[in-house]
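Chemist: got a sequence here, can you build the structure:
(4 chains)
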2 protein chains.
Amino acid sequence: MDSELLKGTLSLLILSLLSRKPMYGYEIAATVHRDTDGAFTWREGSLYPNLHKLQADGLIAGEWEEKDTGRKRRYYHITQKGRRALREKLKSWKELCQGVKRILERTDGQA
Amino acid sequence: MDSELLKGTLSLLILSLLSRKPMYGYEIAATVHRDTDGAFTWREGSLYPNLHKLQADGLIAGEWEEKDTGRKRRYYHITQKGRRALREKLKSWKELCQGVKRILERTDGQA
DNA sequence: TCTAATACACAGGAATCCTATGTATCGGTT
DNA sequence: AACCGATACATAGGATTCCTGTGTATTAGA
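Modeler: Next comes the predicted model:
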């Protein structure tokens, strides 16, 4: 997977996942890895700084939780501001796909 | 349009357009702008450096041409190496779309 | 004549993601 | 009991991409 293409989709997918239920970082990465059959393998060096930025921007909020196992995890949930940002990002993503499709369908198959 | 999402698609679309016929830089930008109803507006500061990089990597080649009008343009055409790269980029793009779709369709509509 | 559009180019900066490294806990195996 | 892989978070530094801003020059139209 060309990692350059991934840029910008990280925030979109994190917000999308958190719009369903609160999750912690490692769980988010594992979920995406599993659901894409390994096509998306987010690195910790990308994931955690991105979560911190989303929180700094007020799009998500996180709290430490200690389960009965004793392991500490930081659970994030999406905010109202985050839901608005998600709607915008979904719109941008659809525009991108449509735009790329229009250019490609004129030339695809000639590669 | 969230410019971060665009990253990586520039090379893909340039190669795709050039796979059909040789074009010059300004023509490429104008074509993309027109065909996407203005959704994609590539800046010169992105376009020309990208063309230079694609040429440096041997994926495209350019020659100066002076038309009857007297205006000089640098026409680029895709190379064999460029066609191979295009096939790879098309594959990556499809993987990206499929991966994003899988994650989104679990949560979309809840934004 | 003046302006907008055409056509190319580059320096500097912002944003994103990666590699590499570090810390610490938990569960299973030997 | 000791070890090791998986779990869980974090940060520094670097590579890459795209943008803003600026510069040069030609052409066509008002």
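
Chemist: isn't A:W42 up against A:A30?
Modeler: No. With contacts counted by Cβ atoms under 8 Å, A:W42 stays clear of A:A30, the gap being 9.6 Å. In short, each C-beta sits where N, CA and C put it, glycine included.

Chemist: which one's more surrounded, those two?
Modeler: Between A:W42 and A:A30, counted using other Cβ atoms under 10 Å in any protein chain shown, the more crowded position is A:W42 (19 against 13).

Chemist: so who does the residue nearest to the more buried one when sequence neighbours are not counted touch?
Modeler: Distances taken as Cβ to Cβ, 6 or more residues apart in numbering or on different chains place A:A29 nearest to A:W42, at 4.9 Å, with adjacent residues excluded. Neighbour list for A:A29: A:W42, A:E44, A:L47 [criterion: Cβ atoms under 8 Å, 6 or more residues apart in numbering or on different chains].

Chemist: from DNA strand D, how far out is A:A29?
Modeler: To DNA strand D, A:A29 is 8 Å away according to Cβ to the nearest atom of the strand, to the nearest Å.

Chemist: just the helices in chain A please.
Modeler: For chain A, helices defined by DSSP state H occupy the ranges A:3-6, A:9-18, A:25-35, A:44-56, A:80-107.

Chemist: roughly how far apart are the residue of chain A found nearest DNA strand C and DNA strand D?
Modeler: Per Cβ to the nearest atom of the strand, the residue of chain A with the smallest distance to DNA strand C is A:G45, at 1.8 Å. Distance of A:G45 to DNA strand D, computed by Cβ to the nearest atom of the strand: 4 Å.

Chemist: just A:E66 next, same as before
Modeler: 11 Å.

Chemist: try A:R34
Modeler: Remark: distance between A:R34 and DNA strand D (Cβ to the nearest atom of the strand) = 10 Å.

Chemist: try A:R87
Modeler: A:R87 sits at a distance of 22 Å from DNA strand D (criterion: Cβ to the nearest atom of the strand).

Chemist: burial count for that residue?
Modeler: By the measure other Cβ under 10 Å, the count of residues near A:R87 is 13.

Chemist: tell me the spacing between it and A:S19.
Modeler: Using Cβ to Cβ, to the nearest Å, one gets 10 Å for the distance from A:R87 to A:S19.
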